[in-house]
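A.B. asks: structure of the sequence below:
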Amino acid sequence: MDNTSNHSSDRMHGFTLIELMITIAILAILLSIAVPSFVSTIRNNQITSQTNALVSALALARSEATKRAIRVSVCSRNGNVCANSNNWSAGWLVIRDPNGNGVLDGGEAILQVSPTAPQGIIIAAGANFVTYESSGENLAETDIAISKSGCGVGEKRQVTVEFSGRTSLVKQDCP
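C.D. replies: Presented below is the predicted three-dimensional model:
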């Protein structure tokens, strides 16, 4: 009888220190490649989400203006009041605005409040409010840019609200 078969079954099976170090090194290399891409994907999803929320708010305002036959505005917000700012990163309000001044005056109502944009998302508009007439037309053509800090190729969205009231969306590169 051969005793070597008994001894081989008694040996422990597992990783050696060198095998474990190589596995950890490969894992570190893979993570260093995957994590930046994953962070970029999250940021792009946040930009897309903010863009969709803004376009939905604009559509709501236009719809309410035509349905109620009054002016309805979307304005940059500071708390629960319209801000006199072209920075929309703090969110926006959709308000009934019969006088079309883009300010929440007495007797006017808030129809929708948006949350603040995630940290690092920048929303900058050509105006501090967009107002729709009862016909659904916009008082002034306005561009609203949504991007992230340190943005790169294709990471900016340009929403244009035309005089007709329609919105258009274009992906752009950051300057």
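A.B. asks: ends of stretch 119-139, how far apart?
C.D. replies: Stretch 119-139 stretches 31 Å from its first residue to its last (Cα to Cα, to the nearest Å).
A.B. asks: now that stretch: buried residues?
C.D. replies: Neighbour counts over stretch 119-139 (16 or more other Cβ atoms under 10 Å) mark 121-123, 125, 127-133, 136-139 as buried. C-betas here are computed from N, CA, C, even on glycine.
A.B. asks: any idea how far it is from the chain center?
C.D. replies: The chain centre lies 16 Å from the centre of stretch 119-139; the measure is Cα atoms, centre = their mean, to the nearest Å.
A.B. asks: the longest helix along the chain packs against which elements?
C.D. replies: Identified as the longest helix of the chain according to DSSP state H is helix 17-68. Counting contacts by 3 or more Cβ pairs under 8 Å, 6 or more residues apart in numbering; DSSP states H and E, helix 17-68 packs against strand 72-78, strand 92-96, strand 110-113, strand 121-125, strand 129-132, strand 142-148, strand 156-161, strand 167-172.
A.B. asks: quick one: closest of those to residue 17.
C.D. replies: Shortest distance between residue 17 and the helices and strands packed on helix 17-68, using Cβ to Cβ, is found for strand 142-148: 42.9 Å.
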